[in-house]
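structure of the sequence below:
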Amino acid sequence: MSDSRFIDAVLDTIRSLNFKAIDVKELKRGDHIFYVSKPGFYSHHGIYVGNDRVIHFMPAKKTNAGAPLRACKKCGYKRKDHLEVVRTCLDCFHTKGFLSGSRLYLYRYGLPRSECEIQRINCTHMQSYPADQVVAKAEEIFESGKQFGKYNFILNNCEYFATYCKCGTAISTQVEQGVEYVLGLIQRNVHRYQQLKNRDFCSSSR
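Residues are numbered from 1 along each chain as shown. Sure thing, here's the model as predicted:
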């Protein structure tokens with residue numbers, strides 16, 4: 001086993017303690033699925049609509065970003081300019097997609113608030129719509145051409161899209177956790193600065 005595969009296996013084992021891993025054979029229409037990118041700092045989300053297809057939201061391909069990629073032989077998907085909500089096969093979503101990752105995980109809905117407060121990411125206490133309604137909403141956004149607005153890593157990302165399709169409310173637990181971390185870091189640094197400032201003041205007043 002190569003070093004990279006060994007690291008991926010270890011990380012997947014750790015993630016499985018909090019995330020619900022799911023096999024492709026277990027997928028159901030309307031499932032909100034995601035994977036963790038290989039860099040490990042971002043998860044990519046989508047709605048499984050059946051027949052090996054996923055609708056997901058990702059940054060548009062820029063025309064000046066080099067030669068266009070070849071179309072997938074399985075689903076025909078090819079990244080195009082100004083196209084952000086896409087319908088692809090699982091391979092394009094998961095193994096060849098945006099910041100592709102390893103295992104697939106299931107985003108969980110309807111969990112107790114106490115459990116969500118502990119896990120704090122990739123789950124919610126809100127209830128999911130019925131599967132047919134979830135798929136219909138994802139298909140409607142994809143087919144409408146209106147898409148889901150302009151992709152933004154913080155303000156409008158793939159998790160917002162998937163949660164909106166599932167329960168009508170766009171949320172991103174990974175963004176919320178990231179914001180909490182940054183705010184905590186700022187508060188700790190402000191507190192540390194005040195301590196140093198008070199220490200310097202006490203020293204100079206002697």
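
every contact and neighbour count from this point should use C-alpha atoms.
Will do.

list the helices and strands the helix or strand hosting Cys165 packs on?
Using DSSP states H and E, Cys165 sits in helix 158-167. In terms of contacts (3 or more C-alpha pairs under 8 Å, 6 or more residues apart in numbering; DSSP states H and E), helix 158-167 is packed against strand 32-36, strand 43-50, strand 53-57, helix 131-144.

quick one: the first one to strand 43-50, angle?
Put simply, strand 32-36 runs at 140 degrees to strand 43-50, going by axes from the mean of the first three to the mean of the last three C-alpha atoms, to 10 degrees.

just the third one next, same as before
Angle between the axes of strand 53-57 and strand 43-50 is 140 degrees (criterion: the same axes, to 10 degrees).

now do the first helix or strand past strand 53-57 going along the chain: everything it contacts.
Proceeding N to C from strand 53-57, the next assigned helix or strand is strand 85-89, under DSSP H and E. With contacts defined as C-alpha atoms under 8 Å, 6 or more residues apart in numbering, strand 85-89 is touched by 52-58, 74-77, 141-142, 147-148.

taking those residues, tell me the two that lie furthest apart.
Distance extremes for the contacts of strand 85-89: the farthest pair is Lys74 and Phe148 at 25.2 Å, using C-alpha to C-alpha.

so which of those two has more stuff around it?
Of the pair Lys74 and Phe148, Phe148 is the one with more neighbours under other C-alpha atoms under 10 Å, namely 17 against 12.

contacts only, for that one.
Phe57, Glu84, Val85, Ile141, Phe161.

can you rerun that using 10 Å?
By C-alpha atoms under 10 Å, 6 or more residues apart in numbering, the contact list for Phe148 reads Phe57, Glu84, Val85, Ile141, Phe142, Asn156, Asn157, Cys158, Tyr160, Phe161.

burial count for the last one?
So the one you mean is Phe161. Phe161, neighbours per other C-alpha under 10 Å, totals 29.

kindly report the same for the second one.
By the criterion of other C-alpha under 10 Å, Glu84 has 22 neighbours.

in this structure it contacts Phe57, no?
Yes: counting by C-alpha atoms under 10 Å, Glu84 does reach Phe57; the two are 5.5 Å apart.

joint contacts of those two?
Phe142, Gln147, Phe148, Gly149, Lys150, Tyr151, Cys158.

of the residues you listed, the lowest pLDDT goes to which?
In terms of pLDDT, Gln147 ranks lowest among these, with 75.

Glu117 versus that one, what's the distance?
In this structure, Gln147 and Glu117 are 32 Å apart, going by C-alpha to C-alpha, to the nearest Å.

of those two, who's got more company?
When Gln147 and Glu117 are compared for neighbours, Gln147 comes out ahead with 19 against 12, by other C-alpha under 10 Å.

and the angle for the helix holding Cys165 with strand 43-50?
Relative orientation of helix 158-167 versus strand 43-50 (the same axes, to 10 degrees): 40 degrees.

and helix 158-167 with helix 131-144, angle?
Using the same axes, to 10 degrees: helix 158-167 against helix 131-144 is 130 degrees.
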